[in-house]
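Enquirer: my questions concern the predicted model and sequence given below.
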Amino acid sequence: MLDKSKLRGADFITSIGLMAFGIWMLFQTFKMPMKDTYGGVINVWYVSPALFPLFIGTGIILLAINILIHAIKTGGFQVFKESLQSRKGLHVTEKGYRFLAILVPLVSLVYMNLPRIDFFLSILLFLLFFITVFYFDDFPFLKKLLAFYSIEMGILVLLFLTGLDTALIKAFRYTIDIITLGLILALYIFIRLQIKEQEEWHRKLRHALTISVLTPLFLVPIFRFFLRVPLPKEGGIVDLMFILYYAIR
């Protein structure tokens, strides 16, 4: 278990990073049209593609503000200040690993996965890592899981940079979705192997997996079928939802 004072210092710098990221996301979001005319039909604001990132960006900023206020009240700024004064060399500390555990999945999700991988699977892969790594609150586990997740993101980077994904999609439309499902399964198996027979961690993993699945299962129908907002990438899972949606209409 991490020392509480160190956690507050990590919360302080993390909140600053999250706030900057949320502001940048909103800045990019407002470049999207809130309403426009297509074929003589005027689309209103609530079907704008900017709606979802607007919610996400605002939520990140509100979360960051809440973390920042709590960190300041509990001495997080002072801990962060003292850590800067005592730093002698460049090395990755626990705080650094915690920051990377936030930065790596967020950057991977926004810049790589959402535009190229089925929305449902992108959110599921992100949440399964993100919730688990902080819910368990164990530094050795965080390091191992971050390394494994980074390897998985490296595999996807190679696929997209080499253009191999295009060739695979031409061969079969849902190939990338199948690969992503494999990465999700591999991540889950890796977590199970790490927690072994610890019943409390098994309980936490069940909670993390449930939330990871239910969140996109709730978001996709709301945004795609009720608000009619196009998702960044609609692959195999979203297509299955379309089939179910029109089957029960």
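Expert: Cool, got the structure.
Enquirer: OK, contacts around Met241?
Expert: Residues near Met241 by CB atoms under 8 Å, 6 or more residues apart in numbering: 120, 220-221, 224-225. Any C-beta I mention is one placed from the backbone N, CA and C, and that applies to glycine too.
Enquirer: can you tell me how far it sits from Tyr174?
Expert: Remark: distance between Met241 and Tyr174 (CB to CB, to the nearest Å) = 14 Å.
Enquirer: ok, back up a step: of the contacts of Met241, closest to Thr166?
Expert: Comparing these against Thr166 with CB to CB places Phe120 closest, at 21.5 Å.
Enquirer: so that closest one makes contact with Val220?
Expert: Yes - checked against CB atoms under 8 Å, the pair Phe120 and Val220 is within contact range at 5.6 Å.
Enquirer: mind checking the backbone torsions on Asp138?
Expert: phi -130, psi 120 (degrees, to the nearest 10).
Enquirer: after the helix or strand encompassing Leu219 comes which helix or strand?
Expert: Take DSSP states H and E as the rule and Leu219 turns out to sit in helix 199-220. Sequence-wise, the next helix or strand downstream of helix 199-220 (DSSP H and E) is helix 236-248.
Enquirer: list the buried ones in that following helix?
Expert: 236-238, 241 (16 or more other CB atoms under 10 Å).
Enquirer: domains of this protein?
Expert: Using automatic domain parsing, the domain parsing of the chain gives 1-91, 100-239.
Enquirer: which of these comes out lowest on mean pLDDT?
Expert: Of all the domains of the chain, the minimum mean pLDDT falls on domain 1-91 (a mean of 72).
Enquirer: in this protein, what residue spans correspond to strands?
Expert: Applying DSSP state E to the chain gives strands spanning 36-38, 41-43.
Enquirer: re the thing from before, could you dump the contacts of Met241 to JSON lines with distance to Gly96 and neighbour count?
Expert: Below are these laid out as JSON lines (distance: CB to CB, whole Å; neighbours: other CB atoms under 10 Å):
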{"residue": "Phe120", "distance to Gly96": "32", "neighbour count": "25"}
{"residue": "Val220", "distance to Gly96": "35", "neighbour count": "20"}
{"residue": "Pro221", "distance to Gly96": "39", "neighbour count": "15"}
{"residue": "Arg224", "distance to Gly96": "38", "neighbour count": "18"}
{"residue": "Phe225", "distance to Gly96": "42", "neighbour count": "15"}
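Enquirer: the closest residue to Ile61 other than its chain neighbours and Asp11, how far apart?
Expert: Leaving aside its sequence neighbours, Ile61 sits nearest to Gly22 (CB to CB, 6 or more residues apart in numbering; 3.8 Å). Distance, Gly22 to Asp11, by CB to CB: 16 Å.
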